[in-house]
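Student: Mind looking at a prediction? Sequence and model below.
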Amino acid sequence: MNHAIEIALPQPQSEHGGKSPLDWKWPAAPALMTLFDKYSGRESVVRLADRHWEVFAAGSTVRLEFAEGQVGELQRALVLLTRRASSPAPFRTFANVLIAKWPAILELLATPAEKLRETWTTVLSHPLETNVAKAVLKLACKAGAGHWRAVHMPLVKSLDTFVKEGLRQNKRSIGKRERVASVDAQAAIVRVLDAAASEDDLTDRQVEGAVALLITYQHGMRPVQALCLDVTHVRFFRDASDDLACVLSFHAAKQTPGNEFELLRQVKPEWVPLVARLHATALAHGRQRLFNATGPITFWDRAVVLCKRFSVQLDSTARSLRHTGAQTLADAGHDRASIQAFLGHKSAEAASHYIRASFKQAELINTALGASKLYNSLLDISTGSFVSADEIQLAPEDQQIGAVVGYRLVAGVGLCKAGQSSCAYNPVTSCYGCPKFMPSLDRESHVEAIEGMRDQVRLYLKQGISDETPAYRQLTRALAGAQQALTLIDDRPKNHG
């Protein structure tokens, strides 16, 4: 919220106001600005005339200290002029970065336009810094301060923000499923919540930690969304079975002003008692907010403490559980619209990343377990020549293929034209696909071989063995060949009937 009272900095007499940005003609800055912190429900008032500002942001109080004299006044003016529609947290970050990088900001302002790109990459290295520098340079162009004019605006807008690499890293992280909590970790969270819902002696903080965990895990809420929940956002009713049900409404965070919208989520029935207890506690203490915690650190600490009560170490963060929820939906086959709705995004772009990660994971697993139809079709038994069980029994023992695969003893999968003593490789895992191999018509022998190789692949995956190792690649090739042998056996009546 901006107030109309304005105070202008001392203005120079010359056109450019001297060589220093301190002497340039800048727009008049607001005398004060009001900021509202959604976490704590408190307002901050910052004034141009005050050297120190105290800002409530993300549930805590932050003190901003500017330089003395004219330098500090220009710093504060630039913050107020460029952050007019900002929330407390980004406002605080912007001010802190501007103060910390002030020498670089002055250098960029004093740099001639033709040398700006060179100076830009020399004095800046982080997206937070480029965000501040761009805002100040755009203001200078718009105001015609110093040697900057509107004609320079395209140049300033085109400067590298160093954001793309961060976005690429984010996409790579999602693609590699690095942010997804393991199945064991998710099972532990469910056990904790189930146990907490049946406990009668939880402290108020433990109940709060349980609700923090459940709405983060089940609904992918950000801490800011959870901490802004009002008691009126929690609605209880009786379902068709006369059991208590609960629906939460909360705002979609990170939306531009005027485009905010509400999300509705129903709490898992078994966990409704936890929300009911927290809601009753808030009302009993005359608290309008559902949670007593006012910051994201305290919010999550209480979830960690609750898990410790049930001997579970919570290694996941609220953010990773949000990613886990989205990835779980993608793995279950939900479309982009469903994932977008879960995340509360205006765009479906982020949902696409999770779906691609799901496809990639499925392809990797199917390939590893010899279940990919595409992969199978690329590898064929070279000769297509099959032998019966009787032919295997009558053949020389050296030509009969059998071996231990994983924990399974596999015999009778086929014959080798050359003989095992002439082969330097492990039978079975290297036979499938070999031109000297004649597979058996006995389907069960191939099924047993496949299961043995799959056991080995699962062991490799559990141990984290690279899919580039020769043993791993040999297994996947053998699995594909064995699966193809089964396909040819199943199709044999059609082909040879």
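Tutor: Yep, it's here. Numbers count the residues shown, from 1 in each chain.
Student: you'd agree F237 is up against D243?
Tutor: No. Using Cβ atoms under 8 Å, F237 is not in contact with D243, being 10.1 Å away. To be clear about C-beta, it is placed using only N, CA and C from the backbone, and glycine gets the same treatment.
Student: average pLDDT across the one helix or strand Q327 maps to?
Tutor: Element membership for Q327, per DSSP states H and E: helix 318-331. Average pLDDT, helix 318-331: 88.
Student: And for stretch 159-175?
Tutor: 73.
Student: ok, how many other residues are close to the spatially closest residue to P27 that is not a sequence neighbour?
Tutor: With Cβ to Cβ, 6 or more residues apart in numbering as the measure, A143 is the residue that lies nearest to P27, at 5.1 Å, once sequence neighbours are left out. A143 has 16 neighbours, counted by other Cβ atoms under 10 Å.
Student: quick one, what contacts A143?
Tutor: Residues near A143 by Cβ atoms under 8 Å, 6 or more residues apart in numbering: 25-27.
Student: tell me which strands and helices the helix holding Q327 is in contact with?
Tutor: Counting by 3 or more Cβ pairs under 8 Å, 6 or more residues apart in numbering; DSSP states H and E, the packing neighbours recorded for helix 318-331 are helix 204-219, helix 296-309, helix 336-343, helix 349-368.
Student: Who wins on neighbours among the contacts of A143?
Tutor: Neighbour max across those (other Cβ under 10 Å) = W26, 21 neighbours.
Student: Can you tell me the SS state at that one?
Tutor: Following DSSP: H, G, I helix; E, B strand; the rest coil, the label given to W26 is coil.
Student: Could you check how far it is from I189?
Tutor: From W26 across to I189, the span is 53 Å (Cβ to Cβ, to the nearest Å).
Student: likewise L459?
Tutor: If you go by Cβ to Cβ, the gap between L459 and I189 works out to 27 Å.
Student: who has more neighbours, those two?
Tutor: The residue with more neighbours, out of L459 and I189, is I189; 23 against 12, by other Cβ under 10 Å.
Student: Look up the closest residue to that one, ignoring the ones flanking it.
Tutor: Closest residue in space to I189, ignoring its immediate chain neighbours: Y217 at 5.4 Å, by Cβ to Cβ, 6+ apart.
Student: cool, F310 as well?
Tutor: V192 (4.8 Å).
Student: name the element M221 belongs to?
Tutor: Going by DSSP H and E, M221 is not part of any helix or strand.
Student: Any idea how many residues pack against the nearest residue in space to it that is not next to it in sequence?
Tutor: Closest residue to M221 apart from its sequence neighbours, by Cβ to Cβ, 6+ apart: I215 at 4.9 Å. For I215, the count of nearby residues is 25 (other Cβ under 10 Å).
Student: ok, now the one 4 residues further on?
Tutor: Residues within reach of H219, counting by other Cβ under 10 Å, total 21.
Student: what does D315 give?
Tutor: Neighbour tally, D315, other Cβ under 10 Å: 12.
Student: May I have the phi/psi pair for it?
Tutor: phi -90, psi -20 (degrees, to the nearest 10).
Student: Would you agree it is in contact with A188?
Tutor: No. Contact criterion Cβ under 8 Å: D315 and A188 do not qualify, at 9.7 Å.
Student: hey, where'd the helices end up in the stretch 1-150 of the chain?
Tutor: Taking DSSP state H, counting those that start in this stretch, the helices of the stretch 1-150 of the chain run over residues 69-82, 88-100, 102-110, 116-123, 127-143.
Student: ok and the last one relative to helix 102-110, angle-wise?
Tutor: With axes from the mean of the first three to the mean of the last three Cα atoms, to 10 degrees defining the directions, helix 127-143 sits at 40 degrees from helix 102-110.
Student: buried residues in helix 127-143?
Tutor: Buried residues in helix 127-143, counted by 16 or more other Cβ atoms under 10 Å: 127-141, 143.
Student: What sits closest to the most centrally placed residue in the chain if chain neighbours are left out?
Tutor: Most central in the chain under Cα atoms, centre = their mean is H323, positioned 4.3 Å from the mean C-alpha point. Of all residues not flanking H323 in the chain, R179 sits nearest, at 3.9 Å (Cβ to Cβ, 6+ apart).
Student: tell me the contacts of the one you found?
Tutor: R179 makes contacts with 173, 319-320, 323-324, 327, as judged by Cβ under 8 Å, 6+ apart.
Student: do A89 as well
Tutor: Here A89 is in contact with 57-58 (Cβ under 8 Å, 6+ apart).
Student: all numbers from here: first residue = 21
Tutor: OK, 21 is where the count begins now, so the last one is A109.
Student: That one and V231: what is the separation?
Tutor: Taking Cβ to Cβ, one finds A109 at 23 Å from V231.
Student: now swap in A207 and tell me
Tutor: Taken as Cβ to Cβ, the span from A207 to V231 is 20 Å.
Student: Need phi/psi at P47.
Tutor: Dihedral angles (degrees, to the nearest 10) for P47: phi -60, psi 160.
Student: Wait, it touches R104, no?
Tutor: No. With contact defined as Cβ under 8 Å, P47 does not reach R104; the gap is 11.3 Å.
Student: anything in contact with each of the two?
Tutor: Counting by Cβ under 8 Å, 6+ apart, no residue touches both P47 and R104.
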